[in-house]
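**Q** one predicted model, sequence on top.
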Amino acid sequence: MHALDGLRGRIERRRIPLVALATYLVALLAWVALVERWLPMPGTGAGADMRMVDPGAPEAMALANGLSGMGLYLLMWGVMMVAMMYPATVPLFRLYDGTLKRATKRERVTRLGAFVGTYTVVWALTGIVPLAVNRVVPLAALANENGSVLLGGSLLVLSAYQLSSYKRHCLDYCRSPLGFLADHYRPGVRGAIRLSGRFSGFCLGCCWALMGLVVVVGSMNLLWMAGVTVVVSLERAVSWGDRLATATGLVAGLVGAGLVVTSLLAPLG
Amino acid sequence: MSVENQERWSIKGEFVEACNCSAPCQCLWNEAPDDDECTAALFWHIDEGEYEGVDLSGLTAGALVYDQGILFEGDWDLVVLVDEQATDAQAAALGDIFMGRAGGVMGAVAELVDEVKDTVVVPISYSKQNGHLSVAAGDVVAIEADAIEGFEEVPGEVSPHPLTPPSMTASTGKSTTATVSFNDEFSWDVSGNNSYFGEFEYEG
């Protein structure tokens, strides 16, 4: 038995985590763009009398302005998703970057771009859901008529999902993506897109209910966005993340039930 | 374009692992190991493989893992074992692949490694017959393991297992011997515990 010369070295792991830094930087830019309102609003007109932070307001504006309104809405939604999801996904991006150690610079950029791009497009396209829902049931009207039942009901849905086995299953994959990556890893750009697409599915499974809550309280409500971002990030990053998911479910359930019960009893009193 | 076809290496063959958890080990469910500590020896016997023109067929590589907490959350200490039969070029290729320097899945795995404590060359023997596995790496590792059979003498299987391709399953096994003696950190006797084994295919 002897040591293998030249391979005795440590893994070069403490290198500057460029991928992580770049991801955080993009997320930060997305936050600045949202806070400073750099993005063009989905439109004026129908929603002009509403404040953009009101529930259903951005969706109503988008729907009243046809294709361009919806396009701008999806752009805004995409930037929101970058702001909210990128911080939580840094470990996955780094893990994937690890598979590219022997790639040339060009390959690395192409494949990382394909991986991160697919993830971003999938999340941006989820913006179609709040648009479709608002088309059928305008949230703005609903929130005006019976805001606390709407919020309470959404919290109950969130609670049920946070406590379900589906959430646990998806969160497991998101917390430790290596097993999934090892199973589905294929080289090449197409491999990057396929892996990222599959992974985004679990990511959606993990976070859709939280995003739903953001829509209900108002898609442009920065405070709620920030709160949900913290929950999403902690759920994945810290050792007590799974317990945080459960706790979030319990709190959402209690508050939701309270809101629904009090607002149903109110007319009686 | 050409980006798609620039595969630099691919290896396939059989792997076996023997660790301290009761059979079967729960790391596949992202749960913490028995006693919150993972001590594992893993081997990959390459049936067919190539790394930038270097043939790797017939060689075996191994790893000793020490980890605390949930395995796939990382922070592993590692010792890499390379087959003594390997020529210098083959040993360098195996080192590159299994230390994650060659990218691919092992590159991602390397992200979970806190430190490679050592890389050593030892004679490694590997054999598998009728569901019995026998692996020895010099004086460092000895593994004897058998498939666990369920009702009607059907061998148990697990899927997904991160070391096997998604289309395949790994077998559940139990060691009769699973000892490691390398240094203070990497010395254990976990005989009578979990031993997954199956086929692997990696490329990068």
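**A** Noted; the coordinates are in hand.
**Q** what about residue A:59, neighbour count?
**A** 28 (other CB atoms under 10 Å in any protein chain shown). All C-beta atoms are positioned from the backbone trio N, CA, C, and that covers glycine.
**Q** before we move on, what about residue A:166?
**A** The burial count for residue A:166: 11, using other CB under 10 Å.
**Q** give me the nearest residue to it, chain neighbours excluded.
**A** With CB to CB, 6 or more residues apart in numbering or on different chains as the criterion, residue A:166 has its nearest non-adjacent residue at 6.2 Å, and that residue is residue A:205.
**Q** quick one: that neighbour and residue A:167 touch, right?
**A** Yes. Counting by CB atoms under 8 Å, residue A:205 does reach residue A:167; the two are 7.5 Å apart.
**Q** quick one, which of the two is more surrounded?
**A** Comparing residue A:205 with residue A:167 by other CB under 10 Å, the one with more neighbours is residue A:167, at 25 against 17.
**Q** who touches the more buried one in this structure?
**A** With contacts defined as CB atoms under 8 Å, 6 or more residues apart in numbering or on different chains, residue A:167 is in contact with A:161, A:205, A:206, A:209, A:245, A:249.
**Q** tell me the pLDDT at the most centrally placed residue in chain B?
**A** Nearest residue to the geometric centre of chain B (CA atoms, centre = their mean): residue B:42, 3.0 Å. On the pLDDT scale, residue B:42 is placed at 97.
**Q** got it, and the one 3 residues further on?
**A** At residue B:45, the predicted lDDT confidence score is 97.
**Q** name the SS class of it, please.
**A** Classification of residue B:45 by DSSP: H, G, I helix; E, B strand; the rest coil places it in strand.
**Q** ok, it touching residue B:11?
**A** No. Residue B:45 is beyond contact range of residue B:11, at 10.0 Å (criterion: CB under 8 Å).
**Q** in contact with the residue nearest to residue B:109 when sequence neighbours are not counted, which residues?
**A** Nearest residue to residue B:109, sequence neighbours excluded (CB to CB, 6+ apart): residue B:100, at 6.0 Å. Contact partners of residue B:100, counting by CB under 8 Å, 6+ apart, are A:11, A:98, A:101, B:106, B:107, B:108, B:109, B:110, B:111, B:113.
**Q** any chance you could map the helices in chain B?
**A** B:88-98, B:104-110 (DSSP state H).
**Q** which one of the ones you listed is the most hemmed in?
**A** helix B:104-110 (a mean of 25; mean count of other CB atoms under 10 Å in any protein chain shown).
**Q** for that helix, packing partners?
**A** In terms of contacts (3 or more CB pairs under 8 Å, 6 or more residues apart in numbering or on different chains; DSSP states H and E), helix B:104-110 is packed against helix A:66-98, helix A:178-184, helix B:88-98, strand B:197-203.
**Q** thinking again about what came up before, which of residue B:45 and residue B:11 has more neighbours?
**A** residue B:11 (26 against 22).
**Q** my read: the more buried one touches residue B:55, true?
**A** No. Look at residue B:11 against residue B:55 with CB under 8 Å: they stay out of range, at 10.6 Å.
**Q** neighbouring contacts of stretch A:191-199?
**A** Residues outside stretch A:191-199 that contact it (CB under 8 Å, 6+ apart): A:92, A:96, A:111-112, A:114-119, A:122, A:173, A:177, A:180-181, A:184-186.
**Q** go with 6 Å
**A** When contacts are defined by CB atoms under 6 Å, 6 or more residues apart in numbering or on different chains, stretch A:191-199 is touched by residues A:111, A:114, A:115, A:118, A:119, A:184.
**Q** tell me the SS of the third one?
**A** At residue A:115, secondary structure determined by three-state DSSP is helix.
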